[in-house]
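Visitor: Coordinates only, no sequence provided:
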Ligand SMILES: [Zn+2]
């Protein structure tokens, strides 16, 4: 039986929702509606629906209530409506018969209660390392899964051509979005995502990555459509390092990012940014996005004055 207490779940969900709502916009004193009406161009912009399925498993009742009260999907929706979507998109939470997962399929992103419950449980583990806060251990992975599945959605809706594995491309776009949209909070969020992948490796020592990096990787993981958890850690940290070495230097040291990889990270970030600008940004109502994330006016790699 899941021993979930409503109050801490709600608190953590509120934190995740606060992150998704674009804290930077609120702190910068943005006025007026977050996404005020703006001419959508020649294409009619399609709606983004949100839906919280009633939980099949009674153990997820508190989680469901907390998600609804914190309006997690409504906050995520604000990001997706900044795009001129050619078809409707639905953001949904639901039970998945015990499968801890999330996916995008035919116009719908589904976040399983099982997956969100696991994030919550991991965030509250007694052996959570001190370099990741409970708040980031929750907010980072929640944001990461929404942006990763959101990337699959954008690839499909905008018919984006992809070389290589779509899962890696979704990781790249999701990571890029997290690093840019949530730049002020990105070191903490990054730590939260790294922590979640570290848990996925099954390592006994969550305080250090090195033992996991040398562990045997199962054939099941190697054959998967996704990169392995350790690869996903290094890919994310490399993009972060490449986006802003000063801001993410600590993360690179923490996971012992090899110098040979680090030397190419700025180029890796530039490659993802180029793809984003060519293939994704043309579908974006940039003015709407800037109202949500005003810090985006600052050039990449040049953090705003502290
Ligand atoms: Zn995926």
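Guide: Perfect, I can see it now. Since we're looking at a predicted model, the values are computed, not measured. Numbering: from 1, shown residues only.
Visitor: Okay, now the unreliable bits of the protein?
Guide: Applying pLDDT under 70 to the chain flags residues 1-44, 204-216, 298-306.
Visitor: how near is the residue most central in space within it to residue 178?
Guide: The geometric centre of the chain, computed from its C-alpha atoms, lies nearest to residue 144 (CA atoms, centre = their mean), at 1.7 Å. Remark: distance between residue 144 and residue 178 (CB to CB, to the nearest Å) = 7 Å. To be clear about C-beta, it is placed using only N, CA and C from the backbone, and glycine gets the same treatment.
Visitor: ok, now residue 165?
Guide: Distance of residue 165 to residue 178, computed by CB to CB: 19 Å.
Visitor: Looking at those two, which has the bigger crowd around it?
Guide: Neighbours were counted for residue 165 and for residue 178 using other CB atoms under 10 Å; residue 178 has more, 25 against 13.
Visitor: could you list every residue that touches the more buried one?
Guide: Going by CB atoms under 8 Å, 6 or more residues apart in numbering, residue 178 touches 143-144, 147, 186, 189-190, 193.
Visitor: In CSV: the residues you listed, plus distance to the ion and secondary structure.
Guide: Listed next are the contacts of residue 178 as CSV, based on distance: CB to the ion, whole Å; DSSP: H, G, I helix; E, B strand; the rest coil:
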residue, distance to the ion, secondary structure
143, 15, helix
144, 11, helix
147, 11, helix
186, 21, helix
189, 18, helix
190, 19, helix
193, 14, helix
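Visitor: Adding distance to residue 58, write the residues you listed out as JSON lines.
Guide: Shown next, in JSON lines, are those (distance: CB to CB, whole Å):
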{"residue": "143", "distance to residue 58": "28"}
{"residue": "144", "distance to residue 58": "28"}
{"residue": "147", "distance to residue 58": "30"}
{"residue": "186", "distance to residue 58": "37"}
{"residue": "189", "distance to residue 58": "31"}
{"residue": "190", "distance to residue 58": "35"}
{"residue": "193", "distance to residue 58": "30"}
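Visitor: can stretch 108-125 be found next to the ion?
Guide: No: contact of stretch 108-125 with the ion (CB under 5 Å from the ion) is absent, the minimum separation being 10.4 Å.
Visitor: related to what we said a few turns ago, quick check, nearest of the contacts of residue 178 to residue 135?
Guide: Nearest to residue 135 among these, counting by CB to CB, is residue 189 at 9.8 Å.
Visitor: for the residue nearest to the closest one when sequence neighbours are not counted, what are its contacts?
Guide: The shortest distance from residue 189 to any non-neighbouring residue, by CB to CB, 6 or more residues apart in numbering, is to residue 140 (4.2 Å). Residue 140 makes contact with 132, 188-193, 195-196, according to CB under 8 Å, 6+ apart.
Visitor: Just flag the most distant two among these.
Guide: Of all pairs drawn from the contacts of residue 140, the greatest distance, 13.1 Å, lies between 188 and 196 (CB to CB).
Visitor: higher neighbour count, the two?
Guide: Using other CB under 10 Å as the criterion, residue 188 and residue 196 rank with residue 196 on top: 24 against 18.
Visitor: which SSE is the spatially closest residue to that one that is not a sequence neighbour in?
Guide: Leaving aside its sequence neighbours, residue 196 sits nearest to residue 141 (CB to CB, 6+ apart; 4.1 Å). Taking DSSP states H and E as the definition, residue 141 sits inside helix 134-157.
Visitor: After that helix, heading C-terminal, what element do we hit next?
Guide: Where DSSP H and E defines the elements, the next helix or strand beyond helix 134-157 is helix 166-181.
Visitor: hmm, back to that, correct me if wrong: the residue nearest to residue 196 contacts residue 119.
Guide: Yes: contact criterion CB atoms under 8 Å: residue 141 and residue 119 qualify, at 4.7 Å.
Visitor: Mutual contacts of the two, please.
Guide: residue 196.
Visitor: Look up phi and psi at residue 112.
Guide: phi -70, psi 140 (degrees, to the nearest 10).
Visitor: how about the closest residue to it other than its chain neighbours, what does it touch?
Guide: Once flanking residues are discounted, residue 112 sits nearest to residue 96: 3.6 Å by CB to CB, 6+ apart. By CB under 8 Å, 6+ apart, residue 96 lies in contact with 110, 112-115.
Visitor: I'm done for today, thanks for sticking with me.
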